[in-house]
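Peer 1: what follows is a predicted structure for the sequence shown.
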Amino acid sequence: MDERIFIVSAREGRMARMRRWVLLAIALLAILFQVYVPRFLPLLAYLELPLLVALYFALLRRCPLRAALMGAAIGLAQDSLSHQPLGVFGIVKTLAGYFAASISLRFDADHAVLRWVLAYFFFTFHQFFYWVLVRALLAQPLRFELQLTLASGLLNALAAVALFHLFDRLKERA
C-alpha cells in the first residue's frame with residue numbers, strides 16, 4: 001500500500017506527495033505544542049497550532065469529507081490531552097476543516113495573502129464556535145473577548161503563512 005497522500009496544486013500544475021507519517025507527525029507535534037508549551041511560555045497559548053495544521057491539510061487536500069475527519073481527529077486528540085471536555089475541540093475543528101476544504105474547491109489556496117485571510121477568518125470562526133459550544137452544550141459561563149480574539153487572529157494568521165510555507169517544503173514533488 002502506498003503511504004503517500006497526493007496533493008494537487010493548481011499553481012504548480014503538478015502533483016505533490018506527502019507521506020502519511022509526516023502528516024501524522026506534524027499533527028501530533030502541533031497538538032503536543034498546544035497542550036504543553038503554554039505551561040512554560042504562557043504567551044504561546046494564543047497560538048492555535050492544531051487548527052493551523054488542520055487548515056493546511058484541508059486547504060491543500062480539497063476534500064471536505066477528509067478534511068472534516070482530519071479536523072475531528074486533531075480536535076479529539078487535543079481534547080483528550082487537555083483539560084477540556086471531550087468533543088468540544090473535535091466539533092469545532094471538524095467544522096473548520098470542512099468549511100476550509102469547501103472554500104479551497106473554489107479558490108487556489110497557494111497564495112500567501114489568501115492563506116493569511118483564511119487563517120484569520122478560521123481562527124475567529126474557531127474561537128466563536130468554541131464559545132458557542134461551551135455556553136450552549138456545556139452550560140458553562142465563558143466570555144467571548146472580541147478584542148483578544150481579533151488580536152490573536154492576527155498572530156495566528158502570521159504564523160499560518162510561515163507554517164504553510166514550511167509545510168509546502170515538506171511535500172515531495174512528483
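Peer 2: Arrived safely, thanks for sending.
Peer 1: center of the chain - which residue?
Peer 2: Leu51 (2.5 Å; C-alpha atoms, centre = their mean).
Peer 1: need the pLDDT of that residue.
Peer 2: Model confidence at Leu51, given as pLDDT, is 96.
Peer 1: now do the helix or strand harbouring it: which elements does it pack against?
Peer 2: In this assignment (DSSP states H and E), Leu51 forms part of helix 49-61. Helix 49-61 sits against strand 4-9, helix 20-40, helix 64-81, helix 88-104, helix 112-136, helix 146-170, with contacts defined as 3 or more C-beta pairs under 8 Å, 6 or more residues apart in numbering; DSSP states H and E. For every residue, glycine as well, the C-beta is placed using N, CA and C.
Peer 1: for this protein, give me the ranges with low pLDDT.
Peer 2: Filtered on pLDDT under 70, the chain yields the residue ranges 1-17, 172-174.
Peer 1: hang on, the earlier thing: how many degrees apart are the helix holding Leu51 and helix 64-81 in direction?
Peer 2: 170 degrees (axes from the mean of the first three to the mean of the last three C-alpha atoms, to 10 degrees).
Peer 1: so what touches helix 49-61?
Peer 2: 5, 7, 9, 23, 26-27, 30-31, 33-34, 67, 70-71, 74-75, 77-78, 89, 93, 96-98, 100-101, 103-104, 109, 115, 118-119, 122-123, 126, 156, 159-160, 163-164, 167 (C-beta atoms under 8 Å, 6 or more residues apart in numbering).
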